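Enquirer: Give me coordinates for this.
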Amino acid sequence: MRPGDPLVFAESVAAVFSQYPLALVRECVDPRTGIARVVKFLSIAELVTWLDDRLAYYVVAAAADPRDPPLPLAGPAPDPEMAARVHALLRGLGKRLAARAARGDIIMRRRRVYRYLSERRLRRDRARALADLDATQ
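Expert: Below you'll find the predicted structure:
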């Protein structure tokens with residue numbers, strides 16, 4: 001995936017995750033059971049839809065059996081140190097994604113190099129052919 005601005009995309013994902021309980025976020029990012037099993041290309045809209053659907057499922061499941069205690073949807077109080085570490089990690093991820101996107105597609109890069117080398121070889125061959133023609137005249 002190559003978002004237009006990886007840092008903004010990572011911050012948007014973090015903002016969406018901050019609105020949901022930690023247990024639900026952990027389920028979402030788990031590659032075995034989370035959104036990766038359903039969505040081929042992640043977008044913010046699909047992420048919100050998936051989280052809303054799962055949250056609604058948990059609310060209905062908790063209300064279905066009054067004998068069971070409700071599921072622990074609310075996470076612990078936010079830890080400022082952890083929030084700073086997560087923000088730093090997301091910033092680093094955004095920078096790595098931006099660097100990868102800036103490099104461009106490797107196939108296109110190889111095509112540009114091949115085109116450049118072909119044109120350089122053609123210019124040398126033309127110059128050599130013209131020099132041979134001048135030498136024979």
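Enquirer: what pLDDT does Leu51 get?
Expert: According to the prediction, Leu51 has pLDDT 88.
Enquirer: any idea which helix is longest in this protein?
Expert: When the chain is parsed with DSSP state H, its longest helix is helix 106-136.
Enquirer: for that helix, what is the average pLDDT?
Expert: In this model, helix 106-136 carries a mean pLDDT of 91.
Enquirer: Pull the distance from it to the chain's centre.
Expert: 39 Å (CA atoms, centre = their mean, to the nearest Å).
Enquirer: ditto for stretch 105-115
Expert: On CA atoms, centre = their mean, the centre of stretch 105-115 falls 23 Å from that of its chain.
Enquirer: now do stretch 83-92
Expert: Here stretch 83-92 shows a centroid-to-chain-centroid distance of 15 Å under the convention CA atoms, centre = their mean.
Enquirer: Quick check: buried residues in it?
Expert: Leu90 (16 or more other CB atoms under 10 Å). Heads up, the C-betas are built off the backbone N, CA and C, glycines and all.
Enquirer: wait, what's in contact with Phe17?
Expert: By CB atoms under 8 Å, 6 or more residues apart in numbering, the contact list for Phe17 reads Val25, Cys28.
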